[in-house]
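Colleague: Build me a model:
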Amino acid sequence: TYRYDDPAAEMSAYLTERDYPADVTLGLMTAAKLTHASIAEEAGDRFRVVVCTTAGTRNAAKAGMPRTVFSACRPGTINTLIFLDCKMTDAALLGVVITATEAKCSALADLDIRDEEAQERLATGTTTDAVVAAVTQRAAHRLVHEYAGSASEIGNAVGRLVYATVHEASATQHES
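Modeller: Presented below is the predicted three-dimensional model:
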């Protein structure tokens, strides 16, 4: 039932109340049950990755299809945070986001989550999803990952972890 008319102001107030500097703080908002957040991690060849997903799918939608649009959408968000301890190129970091998005769509399809407006269509997400990928770029890592598609070791790990966390968070969101 969460509803707030000015999410930016709400986030700003939240950060101010807690003395978090807004210029260096990442914040994502959700009305999903945080007790149903899903977290997974894996280490591979010169990388570690941790993925955390929260999911609310009440406004599921299939991207790329005509639909009713609004200046502001009602809540129902899949938020995925991907933390990478490695070195990678900017192109590979963008590849992480692409691979994560593909994995999210795959998990929703396997759960048979449908577009709320057109039930005959499988949903690819919700109307307010977010993916955040952060990489340490630590000098200790000598290998620089140049790709993060599903055939690369790091991309395959990201895809599997995002799939698993989106699947679990979405499947359990309506449980107590």
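
Colleague: CA only for contacts and neighbour counts going forward, please
Modeller: Fine.

Colleague: Return the distance of stretch 58-68 from the chain's centre.
Modeller: 17 Å (CA atoms, centre = their mean, to the nearest Å).

Colleague: And that stretch, end to end?
Modeller: 15 Å (CA to CA, to the nearest Å).

Colleague: neighbouring contacts of it?
Modeller: 74-77, 113-117, 121-127 (CA atoms under 8 Å, 6 or more residues apart in numbering).

Colleague: let's see 10 Å
Modeller: Residues from elsewhere that reach stretch 58-68 (CA atoms under 10 Å, 6 or more residues apart in numbering): 32, 73-78, 105, 108, 113-119, 121-129.

Colleague: Buried ones only from those residues, please, as a PyMOL command.
Modeller: Selecting only the buried entries of these in PyMOL, with 16 or more other CA atoms under 10 Å as the criterion:
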select buried, resi 32+75+76+77+78+105+108+113+114+115+116+121+122+123+124+125+126+127+128+129
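
Colleague: So which of the contacts of stretch 58-68 sit within helices?
Modeller: Applying DSSP state H to those, the entries found in helices are 105, 108.

Colleague: Residue 146 contacts residue 91, doesn't it?
Modeller: Yes: Residue 146 lies in contact with residue 91 (CA atoms under 10 Å); the separation is 6.9 Å.

Colleague: Give me the more crowded residue out of those two.
Modeller: residue 146 (15 against 12; other CA atoms under 10 Å).

Colleague: Would you state the strands of the protein in chain order?
Modeller: Along the chain, the segments classed as strands by DSSP state E run 38-44, 47-55, 60-61, 78-85, 87-88, 125-126, 130-135, 144-145.

Colleague: Return the most buried member of these.
Modeller: strand 125-126 (a mean of 26; mean count of other CA atoms under 10 Å).

Colleague: That concludes my questions; thank you for your assistance.
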